[in-house]
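Enquirer: test case, fold it:
(3 chains)
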Amino acid sequence: MRFVDEFRDPEIITKTAEEIRRLIDPARHYRFMEVCGGHTHAIYRFGLKDLLPANIELIHGPGCPVCVLPMGRIDDGLAVAESTDHPVMFTAFGDMMRVPGTHGSPLEHKARGVDVRIVYSPSDALKLARCNPGKHVMFFAIGFETTAPSTALTLMRAKAEGIKNFSVFCNHVTIIPAIRAILDSPDMRLDAFIGPGHVSTVIGCRPYEWIARNEQKPIVVSGFEPLDLLQSIVMILRQLRAGEAKVENQYKRVVPWEGNRAALRAMAEVFELRPYFEWRGLGFISQSALRLRDSYAEWDAELRFQVPGVRVTDPRAAQCGEVLKGVLKPAQCKLFGKECTPEHPIGALMVSTEGSCAAYHSYQLRKEAVTSIHSAA
Amino acid sequence: MAHGAGGKASRKLVEGLFVPLLSGATPQALADAAHVEINGASFAITTDSFVVNPLRFPGGSIGELAVNGTMNDLAVSGACGKVMVVTFVLEEGLATPTLEAEVRAMAEAARRAGVSIVGGDTKVVEHGKADKMYITTTGIGHPLPGVKVDPASVRPGNKIILSGPIGDHGITILLARGELDFEADLSSDTRCILPLVEALAGAAAPGIRWMRDPTRGGVATSLNELARDCGLCMVLEEELVPTRDAVRGACELLGLDPLHIANEGQFLAVVSSDHADAAVKALNAAAGGEDARIIGEVREQPAAAVLITTRYGGSRIIDMLVGDPLPRIC
Amino acid sequence: MCLAIPGKIIDVLEGSPTLGTVEVVGVRRKVDLGLLQDDMPKPGDWVLIHVGFAMSKISEKDALEQMRTLAMLGEAEQAMHEVQGYGLEETGPTIVREKPH
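Expert: Just a heads-up that it's a prediction; the model follows:
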């Protein structure tokens, strides 16, 4: 098994899509939110909306760590890299490179001479520090609980090896407060959740139980292949039909119900919760983000360097917040497709591959024509 | 500058700045080479510049890219390259053996491709002002008889043919830079595709509507440019697009789409449906064309777009690249 | 946060950190196995890779079971239709009627 192609089997996909049709109530309009940006990307990449009946609406959730990062944080990270006292190398995942800061994106800073490098792994950033003793390497960390344990382990390694020319600018955030913010939003009406797949490999499925219990909404933790997502929708529909609301694990082959203890231990060793953190579009949320513990102060970029800490609000016309919460469709934002396009994005939702606006710009704009392709085929 | 990566930014630079100021008269649809007539003699001319890091990589080097790239631009415009001139911009401090190796590589590539390098120029610039070596070429050739390449002649029902697996070059370069710490048995596909284009022309010349070599920006960019130029829709079937396993694996790991990755030894051709099968047959029979196949067709809608469909009925629009393809973790 | 790919462990290099060489369709990379230290994978195991770290072991058993469940979709429906043909009253969930003692 390769664990990929099997879950793209066209015959079984067709069967599953038929099962979905069998299970829906044609008089009902279903609203399911896929929390995780990776699911947004998968839905778009596999053209899954073409396979679903028209009365199932998929709402894109806020699980895109790039999209929820306030511009001020990017400015702060780049300000550290630009400081002329000591050469600093700004390292980050490719996802960050085109995200606009007030004075340009990381790539634009690179064009102006700032040492900006793309890394695939935080351990690659640490390796750069090892190989460049004359430079300070700062890793601009982003991501939910999927990525935080890797940053944690990397910091543990840095400490164990006594590598001093390395630091982390930590923007890790946690998923549960984001889901809570969605459910607390008065404009939001949802029937169920497609739960994050890879975050759950770390935190397990228990943290979602309150959604089922208190909010009475089904939540199915889903994989990322077409069959995973379709099967998750089948499972949600079965729950709704039976009047149930529980947490189910569709992604059993990868997600342990109890999560990954070693990963949680590493996170607990290195990180603690910030009292509050600002999320782009969602405002300040308490206990929703991570920072380095005192025992790791030496590797905390925010302590080692002068960080401006200026709050940057989005342009008033930009409606990133409402789109992030699923209240507005991307096309309903006044700037969409005009001032804000993939070539000159105003907000991260247009730049991030998981951002709903970017996906919408490529796909949904031509939906009518796409539908005609299928009726002709 | 994102402008060099091929795709939207490059096109804006060329269309918005260069063409209006330089070409004077109404700019025609941008082609890989210009077919001109001087005093009754018809010939094709193209120019290109080559910047690559690292200079040497599995499967080739900058010198070979320069020769093959020039020949390929002429070939897909419907011309057989015969002579080239070459300019080097060299960074001060570049080791002589490095330069010599590239000149040898170019000589060998030129010999294989059947083109003569008849002149050139060299400049040396300060250390730090050039990325070791930049090469610019100008190639001249004669038009291939019976071959006319014109986006305006593309019609719904025409077939889209791809000469072979995509993504080899771009992924090889990405891995050769060493920053991502991946290993794969992969090498650049750089080669002169003229023999394949000649085989295609031999079997199906009257059916050829358009050709392009999908270099920077990949197949997605080339087809988006065609879609824009002719106003029609390029519809591809995902399973038909050939990709080597290692390219697929690297793209999956890095979150890249093979359709956006540069190729240096492949070409796309749009051929009328009555000639398409003969075209593919001729390519398959030619050395290096075994993997050529029809990957899609031209339709009316959605207009000016590139659409890719899956076996199970899903579809999505493939956009042109904005800047370089970047690895992602999300 | 979500791009994680299945890969096969080719070898495990002892040491600290414990690294494994993983292969994904012909592409190889060393990944950090530190997050799986409670249940270290061996060569031949499949793991989920995210940013150069192995996050979880992939259970072939669960994958196969999932495929079986999906393949059976529509078969239960088919079986129902056949049963309906026999003229039995209920086609919904089976209700067990307790016989009075």
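
Enquirer: what about C:Arg29, distance to C:Ala54?
Expert: C:Arg29 sits 11 Å away from C:Ala54 when distances are taken as C-beta to C-beta, to the nearest Å. (Glycine included, C-beta is placed from N, CA and C.)

Enquirer: who's more crowded, the two?
Expert: When neighbours are counted by other C-beta atoms under 10 Å in any protein chain shown, C:Arg29 and C:Ala54 differ, and C:Ala54 comes out ahead with 27 against 23.

Enquirer: tell me which element that one is part of?
Expert: strand C:53-57 (DSSP states H and E).

Enquirer: which strands and helices lie in contact with that strand?
Expert: On a contact count with 3 or more C-beta pairs under 8 Å, 6 or more residues apart in numbering or on different chains; DSSP states H and E, strand C:53-57 meets helix A:148-161, helix A:199-203, strand C:27-32, strand C:46-50.

Enquirer: what's in contact with it?
Expert: Residues from elsewhere that reach strand C:53-57 (C-beta atoms under 8 Å, 6 or more residues apart in numbering or on different chains): A:121, A:123, A:146, A:149-150, A:153, A:198, A:201-202, A:254-256, A:260, A:263, C:4, C:20, C:22, C:31-36, C:39, C:41, C:45-49.

Enquirer: is the following helix or strand past it up against chain A anywhere?
Expert: On the C-terminal side of strand C:53-57, the nearest following helix or strand under DSSP H and E is helix C:60-71. Yes. Judged by C-beta under 8 Å from any C-beta of the partner chain, helix C:60-71 comes into contact with chain A at C:Glu60, C:Asp62, C:Ala63, C:Leu64, C:Glu65, C:Gln66, C:Met67, C:Thr69, C:Leu70, C:Ala71.

Enquirer: if you rank these by neighbours, which is first?
Expert: C:Leu70 (23 neighbours).

Enquirer: not counting sequence-adjacent ones, nearest residue to that residue?
Expert: A:Ile12 (5.1 Å; C-beta to C-beta, 6 or more residues apart in numbering or on different chains).

Enquirer: which of the three states applies to the one you found?
Expert: For A:Ile12, the assignment made with DSSP: H, G, I helix; E, B strand; the rest coil gives helix.

Enquirer: look up how far A:Asp228 lies from it.
Expert: For A:Ile12, the distance to A:Asp228 equals 12 Å [C-beta to C-beta].

Enquirer: considering the residues of helix C:60-71 next to chain A, which is situated nearest to chain B?
Expert: C:Leu70 (12.9 Å; C-beta to the nearest C-beta).

Enquirer: does A:Leu230 touch A:Leu48 like I think?
Expert: Yes. Using C-beta atoms under 8 Å, A:Leu230 makes contact with A:Leu48 at a distance of 7.1 Å.

Enquirer: neighbour count winner among the two?
Expert: In this comparison of A:Leu230 against A:Leu48, neighbours counted by other C-beta under 10 Å, the higher total goes to A:Leu230 at 28 against 23.

Enquirer: gap between that one and chain C?
Expert: 9 Å (C-beta to the nearest C-beta, to the nearest Å).

Enquirer: in chain C, which residue sits nearest chain A?
Expert: Closest point on chain C to chain A, by C-beta to the nearest C-beta, is C:Cys2, at 2.2 Å.

Enquirer: three-state assignment of that residue?
Expert: Three-state call for C:Cys2 (three-state DSSP): coil.

Enquirer: ok, it - contacts?
Expert: The neighbours of C:Cys2, taking C-beta under 8 Å, 6+ apart as the test, are A:36-39, A:41, A:63, A:146, A:196-199, A:224, A:354, B:330.

Enquirer: try it again at 6 Å.
Expert: If a contact means C-beta atoms under 6 Å, 6 or more residues apart in numbering or on different chains, then C:Cys2 has A:Cys36, A:Gly38, A:His198, B:Cys330 as its contacts.

Enquirer: just the residues you listed now: which is nearest B:Ala285?
Expert: A:Gly38 (44.0 Å; C-beta to C-beta).

Enquirer: which element, helix or strand, includes the closest one?
Expert: Counting by DSSP H and E, the element that carries A:Gly38 is helix A:37-45.

Enquirer: next structured bit after the strand or helix carrying B:Ala201?
Expert: Of the helices and strands defined by DSSP H and E, B:Ala201 is found in helix B:194-204. Next in sequence after helix B:194-204, counting helices and strands by DSSP H and E, comes strand B:208-212.

Enquirer: biggest strand in chain C by residues?
Expert: Across chain C, the strand with the greatest residue count (assigned by DSSP state E) is strand C:5-13.

Enquirer: direction included, what does it pair up with?
Expert: Sheet neighbours of strand C:5-13, with direction, are listed as strand C:19-24 (antiparallel), strand C:46-50 (antiparallel) (DSSP bridges).

Enquirer: so of these, which one's packed in deepest?
Expert: When the strands paired with strand C:5-13 are scored by mean count of other C-beta atoms under 10 Å in any protein chain shown, the highest mean neighbour count falls to strand C:46-50 (a mean of 24).

Enquirer: which residue comes closest to the residue in the stretch 1-150 of chain A that chain C sits nearest to once chain neighbours are left out?
Expert: Closest contact between the stretch 1-150 of chain A and chain C, by C-beta to the nearest C-beta, is at A:Gly38 (2.2 Å). For A:Gly38, the nearest residue in space outside its immediate sequence neighbours is C:Cys2; the separation is 2.2 Å by C-beta to C-beta, 6+ apart.

Enquirer: what helices or strands is the helix or strand where B:Ile171 lies leaning on?
Expert: According to DSSP H and E, B:Ile171 maps onto helix B:168-176. Judged by 3 or more C-beta pairs under 6 Å, 6 or more residues apart in numbering or on different chains; DSSP states H and E, the packing partners of helix B:168-176 are strand B:56-57.

Enquirer: again, 7 Å this time
Expert: Counting contacts by 3 or more C-beta pairs under 7 Å, 6 or more residues apart in numbering or on different chains; DSSP states H and E, the secondary-structure elements packed against helix B:168-176 are strand B:56-57, helix B:245-254.

Enquirer: worst mean pLDDT among these?
Expert: Set side by side, the helices and strands packed on helix B:168-176 differ in mean pLDDT, and helix B:245-254 is lowest with a mean of 92.

Enquirer: angle of that one against strand C:27-32?
Expert: Angular relation of helix B:245-254 and strand C:27-32 on a 0 to 180 degree scale: 40 degrees, by axes from the mean of the first three to the mean of the last three C-alpha atoms, to 10 degrees.

Enquirer: just name the shakiest helix or strand of the chain by mean pLDDT.
Expert: Using chain A. helix A:367-376 (a mean of 45; mean pLDDT, DSSP states H and E).

Enquirer: hmm, no, I was thinking of chain C.
Expert: Per mean pLDDT, DSSP H and E, bottom of the list for chain C is helix C:75-85, a mean of 62.

Enquirer: C-terminal to the longest helix anywhere in chain A, what's the next element?
Expert: Taking DSSP state H as the assignment, the helix of chain A that covers the most residues is helix A:226-241. Next helix or strand after helix A:226-241 toward the C-terminus (DSSP H and E): strand A:247-249.
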